[in-house]
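[1] fold the following.
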Amino acid sequence: MTTSRQMVIEQGLDYLRDVGSDQLCNICIANGGSCCKGCRNLSFKSGCRARNTSCTAWLCGFLRYFLYEVDLLEEWNSFWKQVPGQDYREDYTPDYFEFQKILVKRDLRFLSYELAEDLKILSENYPEQGYMFVLTI
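    Next comes the predicted model:
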């Protein structure tokens with residue numbers, strides 16, 4: 001089937017939202033970490049100005065670990081392997097391309113909430129070590 005670059009990005013973002021990535025990202029960002037730190041497309045107080053396939057596909061260590069533990073990392077990786085044109089913070093994906101696999105939505109917010117709470121406790125118990133930042137590098 002044929003899909004669009006924008007549809008793939010939206011599907012990826014919907015999937016991450018459903019698994020609760022925002023709960024993990026909020027803890028990390030509150031403790032000085034950010035996957036987007038230093039990116040030229042990041043706009044203060046408004047976020048990303050140029051969402052692309054490579055940034056959507058990329059997972060930090062916490063999200064990668066979470067998807068691995070719930071047995072979804074392989075599904076995520078195989079979905080993004082079929083998307084051409086990904087590069088570090090750049091996107092050369094054509095507007096339309098052939099596509100085989102889709103991501104099946106799963107509501108795992110309850111689990112990511114628990115991991116986020118554990119990370120929050122770690123950051124509160126070890127603030128002087130910059131625990132969250134050290135873990136995300």
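
[2] now the residue positioned nearest the centre of the chain: which helix or strand?
    In the chain, the centroid-proximal residue (C-alpha atoms, centre = their mean) is Leu59; its distance is 4.6 Å. Of the helices and strands defined by DSSP states H and E, none includes Leu59.

[3] OK, contacts around it?
    By C-beta atoms under 8 Å, 6 or more residues apart in numbering, the contact set of Leu59 is Leu67, Trp76. To be clear about C-beta, it is placed using only N, CA and C from the backbone, and glycine gets the same treatment.

[4] the strands in the chain, which residues?
    Ranges of strands within the chain are 2-4, 42-43, 47-48, 86-87, 90-91, 96-98, based on DSSP state E.

[5] out of these, which gets nearest to Asn26?
    Across those, Asn26 has its closest neighbour in strand 47-48 (12.8 Å, C-beta to C-beta).

[6] by mean pLDDT, flag the weakest helix or strand of this protein.
    helix 131-136 (a mean of 53; mean pLDDT, DSSP states H and E).

[7] re the thing from before, what would the strands of the chain look like in TSV with mean pLDDT, distance to Arg106 and mean neighbour count?
    Formatted as TSV, those follow (pLDDT from 0 to 100; distance: least, C-beta to C-beta, whole Å; neighbours: other C-beta atoms under 10 Å):
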stretch	mean pLDDT	distance to Arg106	mean neighbour count
strand 2-4	94	20	13
strand 42-43	74	28	14
strand 47-48	72	24	12
strand 86-87	88	23	15
strand 90-91	84	26	16
strand 96-98	94	25	12
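
[8] with distance to Val104 as extra columns, can I get those strands in TSV?
    Listed next are those as TSV, based on distance: least, C-beta to C-beta, whole Å:
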stretch	distance to Val104
strand 2-4	15
strand 42-43	30
strand 47-48	25
strand 86-87	21
strand 90-91	24
strand 96-98	20
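
[9] the residue lying closest to Arg64 once chain neighbours are set aside and Leu111: what is the separation?
    Once flanking residues are discounted, Arg64 sits nearest to Leu73: 6.5 Å by C-beta to C-beta, 6 or more residues apart in numbering. As defined by C-beta to C-beta, to the nearest Å, Leu73 lies at a distance of 14 Å from Leu111.

[10] do the same with Leu72
    In terms of C-beta to C-beta, Leu72 sits 11 Å off from Leu111.
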